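[1] Next input, structure requested:
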Amino acid sequence: MAEKKALPMTFYARDTVRSKIIETVAVYCQLIPGKMKVVRNHKYPLALVSSADPGLQKELHSRIPMDLPKTELLTLNHPRAIVRYLARASNNLALLGKSPVEEGLVDDLIAMALAPVDAAVLKSLDSRALKSTFLGSTSGLRLGDLALYAALHPMAKDLPENLKRWFNTLQNNRRLKNKIPSMPAVPLAMAPSPLFTAGLSELKTAAGSGGAGAGGAKKGGAKAGKEKAAGGKGGKGQDAKKDKAAKKAAKKARLEKEAKARAAKAVGRVDMRVGLVKECKLSEADPTLFVSKVEVSSGGVRQVVSRLGGFVPLEKMQGRKVVVIVNLPEAEFGGTQSQGRILCGTDAKDKNLKSLVAPPADSKIGERIAFDGAEDLKPDETVKDKHLRPVMKKLKVVDGNAFYDALGFRTSAGVCNCPGIKAGTIA
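    Residues are numbered from 1 along each chain as shown. Sure, this is the predicted structure:
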């Protein structure tokens, strides 16, 4: 893979650990060599980033709320800010974590890397390393792993066994291996993983039992030998069936994962928010239309027209929380402008039974409805009908809860539901 174009910047690190952390992340992100350099033994840890390029200047302004000095150099003063900047500048956003939990783990590991490492910290990290290849996530390498790798390099030979295996995985990563002169490869003698040893022991026990049975069969004469041969053929047949079933299950899991990824990408275009109905009245032109004033952000109220008359009592609309699609183009219904859509469920058996999609009582007004895999996707400013229609077709109620395809509607306070409806559609 070709190295990314280096950004013109200089890093000053107060001590060797901080400089190694910055250098490791920069190398992994393929931003070195080039105009970037790391200077050690400076009084303060900071990064000076040239922003003469208008595009880079705009990017920096969008992420860091501060004015650039007259020298057109942006100063980042904390190692955590510096390494996060490197991940963003190289578009390695996965390094920052793919979920709120992973982002928290990344921050936790970076804090550990920047602080003195004691026996208690090593014990905690070793426990994590026993159950996962990486420390910051079960699904891949994260920024916290890189920071700890740099911090623990001087003591690599003295690390606990599980942590030593983790360290060896990182030092053999193709982006890091032999790429940092100040951090040469450390030869490590490692014992097998306890989980591997336990599995191997079980296999040996099973093999021993099979061997004893085979010996008995051999002593039993020709008849026993024939039975053994028949059993061997049967065993091979069973193994083939198991392999076929395992491959089929793996394919099914892969297809389900790909389908969820496509679904997440599609629903990520649509901006659904928790809203609070401040006022609701019947339309003068059409009594089946409700005209609602809905708060969807701090101080932000929009008018939404819904065809709910005759299905939802007007008085039950006042002061209730709803789910609103807010990035629809403005439209006119019954002569009244509408700036969104309130989502409502319809029972699968009784089309006259309707129930508004209800966020949890403790959900925050204006927070975006989250779907697994779509948390980091930015919605369209105005969603087009060709993108909205396929999403609307897959909105449904399952066991009383709101879903898009197989992805549930989530808020910070829990899932959204449709009271009174067990199964149905949402529109």
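[2] Low-confidence regions, the chain specifically.
    Filtered on pLDDT under 70, the chain yields the residue ranges 1-15, 32-77, 190-236, 299.
[3] biggest strand in it by residues?
    strand 272-282 (DSSP state E).
[4] Which neighbouring elements make contact with it?
    strand 290-297, strand 321-325 (3 or more CB pairs under 8 Å, 6 or more residues apart in numbering; DSSP states H and E). From N, CA and C alone the C-beta is placed, and that goes for glycine too.
[5] which residues touch it?
    Contact with strand 272-282 is made by 289-297, 301, 304, 309, 314, 317-326, 340, 342-343, 359, 363-369, 409, 411, as judged by CB atoms under 8 Å, 6 or more residues apart in numbering.
[6] which residues of the stretch 251-400 of the chain fall in helices?
    385-393 (DSSP state H, counting those that start in this stretch).
[7] And for the stretch 51-200 of the chain?
    54-63, 79-89, 100-114, 119-131, 143-152, 161-171, 194-219.
[8] Tell me the buried residues in stretch 181-192?
    Using 16 or more other CB atoms under 10 Å as the test for burial, stretch 181-192 gives residue 183.
[9] buried subset of the contacts of strand 272-282?
    Counted by 16+ other CB under 10 Å, the contacts of strand 272-282 give 289-292, 294-296, 301, 304, 317, 320-326, 340, 342-343, 359, 363, 365-369, 409, 411 as buried.
[10] Report the separation between residue 413 and residue 324.
    Computed as CB to CB, to the nearest Å, the residue 413 to residue 324 distance reads 17 Å.
[11] separation between residue 260 and residue 29?
    Residue 260 is 28 Å from residue 29, where distance means CB to CB.
[12] Compare the two (neighbour count), which wins?
    residue 29 (23 against 17; other CB atoms under 10 Å).
[13] Centre-most residue in this structure?
    residue 98 (2.6 Å; CA atoms, centre = their mean).
[14] so that residue makes contact with residue 137?
    Yes: using CB atoms under 8 Å, residue 98 makes contact with residue 137 at a distance of 7.3 Å.
[15] Now do the contacts for residue 84.
    By CB under 8 Å, 6+ apart, the neighbours of residue 84 are 96, 143.
[16] let's see it at 10 Å
    By CB atoms under 10 Å, 6 or more residues apart in numbering, the residues touching residue 84 are 25, 63, 76, 78, 95, 96, 106, 107, 110, 143.
[17] Tell me, how many residues neighbour the fifth one?
    Same thing as residue 95. Using other CB under 10 Å: residue 95 sits among 26 other residues.
[18] gap between it and residue 156?
    22 Å.
[19] returning to what we had before: just the buried residues of the longest strand of the chain, please?
    Neighbour counts over strand 272-282 (16+ other CB under 10 Å) mark 272, 273, 274, 275, 276, 277, 280 as buried.
[20] try stretch 395-411
    Buried, per 16+ other CB under 10 Å, within stretch 395-411: 395-397, 400-405, 407-411.
[21] re earlier: can I get the contacts of residue 84 in JSON lines including distance to residue 352?
    Converted to JSON lines, those look like this (distance: CB to CB, whole Å):
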{"residue": "25", "distance to residue 352": "59"}
{"residue": "63", "distance to residue 352": "51"}
{"residue": "76", "distance to residue 352": "60"}
{"residue": "78", "distance to residue 352": "60"}
{"residue": "95", "distance to residue 352": "52"}
{"residue": "96", "distance to residue 352": "48"}
{"residue": "106", "distance to residue 352": "50"}
{"residue": "107", "distance to residue 352": "51"}
{"residue": "110", "distance to residue 352": "56"}
{"residue": "143", "distance to residue 352": "54"}
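[22] separation between the closest residue to residue 272 other than its chain neighbours and residue 27?
    Nearest non-adjacent residue to residue 272, counting by CB to CB, 6 or more residues apart in numbering: residue 369, 4.0 Å away. To residue 27, residue 369 is 39 Å away according to CB to CB.
[23] before we move on, what about residue 385?
    Distance from residue 385 to residue 27, by CB to CB: 46 Å.
[24] In terms of packing, which of the two has more residues around it?
    residue 27 (22 against 9).
[25] my guess is the more buried one meets residue 170, correct?
    No: the criterion here is CB atoms under 10 Å, and residue 27 misses it with residue 170 at 11.9 Å.
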